[in-house]
Structures are given as C-alpha cells and as structure tokens.
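Asker: Mind folding the following:
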Amino acid sequence: MSSPKVLFGFHAVGVRLKTAPQSIIEVYYEPTRRDARMREFLSRAKEAGLRLIEADGLRLAKLAGSHGHQGVVARVEAVAQLHSLDELLDQLEADGVTKPLLLVLDGVTDPHNLGACLRVADGAGAHAIIAPKDHAAGINATVAKVASGAAETVPYFMVTNLARTLGELKERGIWVIGTAGEAEQTLYQADLKGPTALVLGAEGPGMRQLTRKTCDLLVRIPMSGAVESLNVSVASGICLYEARRQRGA
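Answerer: Predicted coordinates:
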C-alpha cells in the first residue's frame, strides 16, 4: 500500500471530499477561522464522518509544506487510478469516445504551471495530460493546491520516451499538433475536431527538437502585442478551448 499523501486548500481537499471521501484519513483545520467558507467545509466534512483535528497555522504550514493552506490540510490515501496511457485510451474506446483530446507538456518543470495546466485541462474536458519523466514537474502538494482539485480528476501520465509515445498516439489515429511561434499556420486554421494531442513546450525554449519533429503539424497562437510568448498554462487554455469550440461543446 502506498504512503498517505497531503492535500491542502479548500479546492484540493474539497474535490477529494466530493469524489472519494472514504480515502480521507483525517482533516486538520484552523479553529480560529470561522468564516462562511470554513463553516460550510466543516459541515460537509462532519456529514461525511471525517476525523477533524484542530491545528494552529504553524502546524498546518508544517504539514502542508506551505503557508498557502487556507486553514485546511488533509492526509489522504491514494485513490485507484489508471496505470498507463494505453489503459486510458483503451477505456475511452470502450466507452465510445472516438475523439480523445490530450494535452502534452514538454519541458514544463514549474509546479505552479503544471497545476494551472491541470486546472484548465479539467475545465476544457481534456482526457489526460502527458509529460516526459526526465523533464517535467511531478504531482506534489503545490501542484494539487494550484490545480484546485484538477490533480484529482485529470489523469497525468509521465512517460519514459515522449517522442515514442507521440508516435504511438499517431498509430492510434490521434493527430499530434505542436505549437511554435514560427509556424505558418495559426491555431484557428487547424482542424481540431478529430482525435487530437496538443503539444506545448515551456515558455521560452518551447518544445525540444525531437518532439517538434514528431508532430504532424505545427501551429502558432497569433500574437498582436509586444510580447513574444504566453505562459504555458494560458497557451494551453487557448488551445484546448479552441478544440472544444470546434467540437461544438
């Protein structure tokens, strides 16, 4: 059995309370916080029969490894998740999902950026995020906090060889579309209605060369101002929601 992990903040703990309350071992909360948000959260936690423990801000910060805990920290057991990207794609196919939408992040190492990408992927209905094991941020408490619960709902697969994984997606009929500032075609000219994997690199360096070569198509987000690039989470949101718009959602 894997070791318990820590979630903190109302969003992250609240989503776990909603989706898998039985996995919550105990909740630590700051009793001096008596606002409506805390009262509502504690009411839901009591209804679920959770073990509630009072703790001061210093103890909460130590448990969370951050002062951004909002007065709520939970120790939770790992919930059952899909073990591989292939398993996810097979399940989508079995469920009749013929046009999967995937987000691929190449070189995104900042946990705040990853958390924001997970949040926007959840909002846009992306089926998963894929990243390389050797050049990416992993899921930790900071990512979960920034993701506002999306780290619990969006599968995140870290793969050994990203270029090979992209090749395997193409074999499944998934169109691999990368973003690059110098691309001739814009995002809005691309057809995103079919099975699609959108590939974004970190702000600045962008995608690695091998990743770029593996893409079926490169597109750019039109930039009208003085800045040359967008934060990867903002760019992810633009790309994913354009795919959603084209699909009529």
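Asker: got a list of contacts for stretch 110-126?
Answerer: With Cβ atoms under 8 Å, 6 or more residues apart in numbering as the test, stretch 110-126 has contacts from 101-103, 105, 108, 129, 131, 136-137, 139-140, 142-151, 153-154, 156, 202, 231-233, 236-237, 240-241, 243-244, 249. C-beta coordinates here come from the backbone N, C-alpha and C atoms, glycine included.
Asker: Helix, strand or coil: sort out Leu88 for me.
Answerer: Here Leu88 is helix, with the state taken from DSSP: H, G, I helix; E, B strand; the rest coil.
Asker: Give me the neighbour count for Ala74.
Answerer: For Ala74, the count of nearby residues is 26 (other Cβ atoms under 10 Å).
Asker: Make 744 the starting number, not 1.
Answerer: Okay, using 744 as the starting number, the last item reads as Ala817.
Asker: show me what contacts it?
Answerer: Listed by Cβ under 8 Å, 6+ apart, the contact partners of Ala817 are Val749, Leu750, Phe751, Val756, Arg759, Ile767, Ile768, Glu769, Val770, Tyr771.
Asker: Could you pick out the one among the residues you listed with the lowest pLDDT?
Answerer: Within the contacts of Ala817, Arg759 has the lowest pLDDT, namely 85.
Asker: what's the domain layout of the protein?
Answerer: Per automatic domain parsing, the structural domains of the chain span 748-819, 828-989.
Asker: Need the winner for burial among these.
Answerer: Most buried of the domains of the chain by mean neighbour count (mean count of other Cβ atoms under 10 Å) is domain 828-989; its value is a mean of 18.
Asker: From the opening residue of that one to its closing one, how far?
Answerer: End-to-end distance for domain 828-989: 25 Å, by Cα to Cα, to the nearest Å.
Asker: quick one: average confidence on that domain?
Answerer: Mean pLDDT, computed over domain 828-989, is 92.
Asker: re the thing from before, show only the entries of the contacts of stretch 853-869 found in helices.
Answerer: Judged by DSSP state H, the contacts of stretch 853-869 include 885-890, 975-976, 979-980, 983-984, 986-987 as members of helices.
Asker: Confirm Met901 sits in a helix?
Answerer: No. Using three-state DSSP, the assignment for Met901 is strand, not a helix.
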